[in-house]
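Peer 1: Got a sequence here, can you model it:
(chains A and B)
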Number of protein chains: 2
Amino acid sequence: MAILVVGHKNPDTDTIASAIAVADLWTKRGMEAKAIAQGELAPESAFVLGKFGLQAPEIVTDATDQKIILVDHSDLNQSLDNLAKGEVLGVVDHHKLGDVTTPNPLEMWVWPVGCTGTVIKAMYDFYGIEVPANIAGILLCAILSDTVMFKSVTCTDADKAAVEALAKIAGVADVNALGMEMFKVKSAVDGAAPSELVFRDYKDFDMSGNKIGIGQLEVVDLSMLDAHKEALQAEIEKVKADGRHSVFLLLTDIMKEGSEMLIASDDATVVQKAFGVSVDGKSVWLDGVMSRKKQVVPNFEKAFSA
Amino acid sequence: MAILVVGHKNPDTDTIASAIAVADLWTKRGMEAKAIAQGELAPESAFVLGKFGLQAPEIVTDATDQKIILVDHSDLNQSLDNLAKGEVLGVVDHHKLGDVTTPNPLEMWVWPVGCTGTVIKAMYDFYGIEVPANIAGILLCAILSDTVMFKSVTCTDADKAAVEALAKIAGVADVNALGMEMFKVKSAVDGAAPSELVFRDYKDFDMSGNKIGIGQLEVVDLSMLDAHKEALQAEIEKVKADGRHSVFLLLTDIMKEGSEMLIASDDATVVQKAFGVSVDGKSVWLDGVMSRKKQVVPNFEKAFSA
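Peer 2: Down below sits the predicted model:
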């Protein structure tokens, strides 16, 4: 029975590309593995897989009796159902250490870099296994996506070096053009339902006992969202009403390098505590804030625990 | 302020050697780090550091306001006090994944091998940094100790390969002789109080609601313990009387590759259920049984839950 390699719920390009690459790497190390996903592909990921001729992973949501490798997460609430009824053999990630535990020793590769793809490129090198050209292509796109084309504060020199090496293997001559093409697909908002936009890249967090939802939409120009803001605000109010203390939606302008945050909260003063800005109404501009992981989640965690 | 590198409570040779090596490696990567320990050195570790001319790490037990790298554990109850008031930057380990979590991304190297020292040797290679001869010596001893000179069921090919490479760097011509010398130090029992011997490597377990204590003494020749058995039996009866269903003490002969188990129990038939041997009196020989973690605890857990 093949080991299942799976990323987080609401899969993004890094989660999908990492699952495919780690399944390839484990199989070539002699342990048969297969990429799966916990949900349908987002438009950006579908574009990336199509570009490099790869298929979407099968959707699986339950870990019972399976051998599992987690990529791009180590939090139970972002993982498969019944994770404790399966066996976690490995974790490959670039996030904070979450609450997954195991009864047995395992293999973990976790680095503080901008993208799981960067860790995986180093693992291929470590094990002396060649990265296939199509997998190099999707890992390259994952890094461009997670680092917002190197503009995110999460981006490290290791991410840039990995993109340079992967571009050569994948035969991508103009990395910048590929990135812009990908972000235009990601930015596409017309025709999408408000709930699809809120949940396109959305995660729930437990902060000092409070359930907090944080979504993010990255666009190449914030004005693209002008016609949608009212509906998005109504949608996050609805999500908040379903048992959450707060729901925040980051509308990130990757060219202006900052985010407008829409707020639905029982107590909006946490935004003030977290970012030192005064909040007047239902939204606030956060200059230079592009990373949920490094700039938003830690600040809210501090504000909620204070 | 230097990053503190720390292993588990009740430090053993792997925990001490790994803290010293990881502090060296991080410092050479450009991040100043310093090894610490949560307690005094065991005789084996003192012998190993003395052999290779290294000092015992300073004792520190609180993580408040410190930057921390954990080695050889990822469980909160084995770690520094107030771990959440410090910042965990990394984990290097070879155990199951424990309940430590972090608010920020970190660097983790965790492999399913016999010893953390084996992981650290690979990290030096990965970063292209030479292992200093004295650190190679203590890592080599850590691997010999954790794998009981390659005889433990936890030992892997990676552990054997690491020992071979480290022996060359450290200038150790006869690995076996060094291992025997080290285990003789570990075996030293004369002059030690019975309670010191029982608790030298002792853990309590909850098995289906029963409190079970299991200690282990590893010696190079079981006859070394002949003069002590009566006092050890009396000591475990005393420990049992303090609210436990059973206390077992494994007297492991690393050359004969088996353990004599001393038994203090309300119901010694669990030993029969666990190991399929008939028990006549207060002790039993378990051929091939050397690992509490892999061969003793799981069998008792099954026997108690049956």
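
Peer 1: Can you give me the buried ones in stretch A:201-212?
Peer 2: A:D201, A:Y202, A:K203, A:D204, A:F205, A:M207, A:N210, A:K211, A:I212 (16 or more other C-beta atoms under 10 Å in any protein chain shown). Quick note: C-beta positions are derived from backbone N, CA and C, even for glycine.

Peer 1: again with stretch A:141-156
Peer 2: By neighbour count on 16+ other C-beta under 10 Å, the buried set for stretch A:141-156 is A:141-150, A:152-156.

Peer 1: do stretch A:97-114 as well
Peer 2: For stretch A:97-114, the neighbour count (16+ other C-beta under 10 Å) marks A:97-98, A:100-102, A:105-114 as buried.

Peer 1: is any part of it close to chain B?
Peer 2: Yes. Remark: stretch A:97-114 sits within contact range of chain B at A:97-113, by C-beta under 8 Å from any C-beta of the partner chain.

Peer 1: For that stretch, what is the distance to the chain centroid?
Peer 2: Remark: stretch A:97-114 is offset 17 Å from the chain centroid, using C-alpha atoms, centre = their mean, to the nearest Å.

Peer 1: what do you get for stretch A:10-20?
Peer 2: Once both centres are worked out by C-alpha atoms, centre = their mean, stretch A:10-20 turns out to sit 8 Å from its chain's centre.

Peer 1: returning to that earlier point: ok, and of the buried residues of stretch A:141-156, which contact chain B?
Peer 2: Among these, proximity to chain B is found for A:T154 (C-beta under 8 Å from any C-beta).

Peer 1: one step back: what's the most distant pair in the buried residues of stretch A:201-212?
Peer 2: Among those, the pair separated by the greatest distance (C-beta to C-beta) is A:D201 and A:N210, at 20.9 Å.

Peer 1: and the closest residue to chain B within the stretch 151-300 of chain A, what does it touch?
Peer 2: Nearest to chain B in the stretch 151-300 of chain A, going by C-beta to the nearest C-beta, is A:P298, at a distance of 5.5 Å. A:P298 is in contact with B:P103, B:N104, counting by C-beta atoms under 8 Å, 6 or more residues apart in numbering or on different chains.

Peer 1: With just CA atoms, put the helix or strand containing it into PDB.
Peer 2: Following DSSP states H and E, the helix or strand that holds A:P298 is helix A:297-305. Extracted C-alpha coordinates of helix A:297-305, given in PDB (Å, rounded to 0.1, in the frame of the first residue of the first chain):
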ATOM      1  CA  VAL A 297      -0.600  35.300  12.900                       C
ATOM      2  CA  PRO A 298       2.200  36.000  15.500                       C
ATOM      3  CA  ASN A 299       0.900  39.500  16.100                       C
ATOM      4  CA  PHE A 300      -2.600  38.300  16.700                       C
ATOM      5  CA  GLU A 301      -1.400  35.400  19.000                       C
ATOM      6  CA  LYS A 302       0.400  37.900  21.100                       C
ATOM      7  CA  ALA A 303      -2.600  40.300  21.200                       C
ATOM      8  CA  PHE A 304      -4.900  37.400  22.300                       C
ATOM      9  CA  SER A 305      -2.600  36.100  24.900                       C
END
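
Peer 1: Do a quick rundown of the helices in chain A.
Peer 2: A:13-28, A:43-51, A:116-126, A:133-146, A:157-170, A:175-187, A:194-199, A:229-241, A:269-275, A:297-305 (DSSP state H).

Peer 1: for the shortest one, packing partners?
Peer 2: This points to helix A:194-199. strand A:210-219, helix A:229-241 (3 or more C-beta pairs under 8 Å, 6 or more residues apart in numbering or on different chains; DSSP states H and E).

Peer 1: Of the ones you listed, flag the one that's most buried.
Peer 2: strand A:210-219 (a mean of 21; mean count of other C-beta atoms under 10 Å in any protein chain shown).

Peer 1: quick one: strands adjacent to that one?
Peer 2: Taking DSSP bridges as the criterion, strand A:210-219 forms sheet pairs with strand A:202-207 (antiparallel), strand A:246-253 (parallel).

Peer 1: Angles on the backbone of A:H73, please.
Peer 2: When read as degrees, to the nearest 10, the backbone of A:H73 gives phi -170, psi 160.

Peer 1: burial of it, as a residue count?
Peer 2: A:H73 is flanked by 25 other residues according to other C-beta atoms under 10 Å in any protein chain shown.

Peer 1: The one 3 residues further on too?
Peer 2: Under the neighbour criterion other C-beta under 10 Å, A:L76 is assigned a count of 14.

Peer 1: any residues touching stretch A:28-35, and which ones?
Peer 2: A:2-6, A:16, A:19-20, A:22-24, A:26-27, A:57-58, A:69, A:127, A:129.

Peer 1: what do you get if the cut-off is 6 Å, keeping everything else the same?
Peer 2: If you take C-beta atoms under 6 Å, 6 or more residues apart in numbering or on different chains as the criterion, stretch A:28-35 is touched by A:A2, A:I3, A:V5, A:A19, A:I20, A:A23, A:W26, A:T27, A:P57, A:I129.
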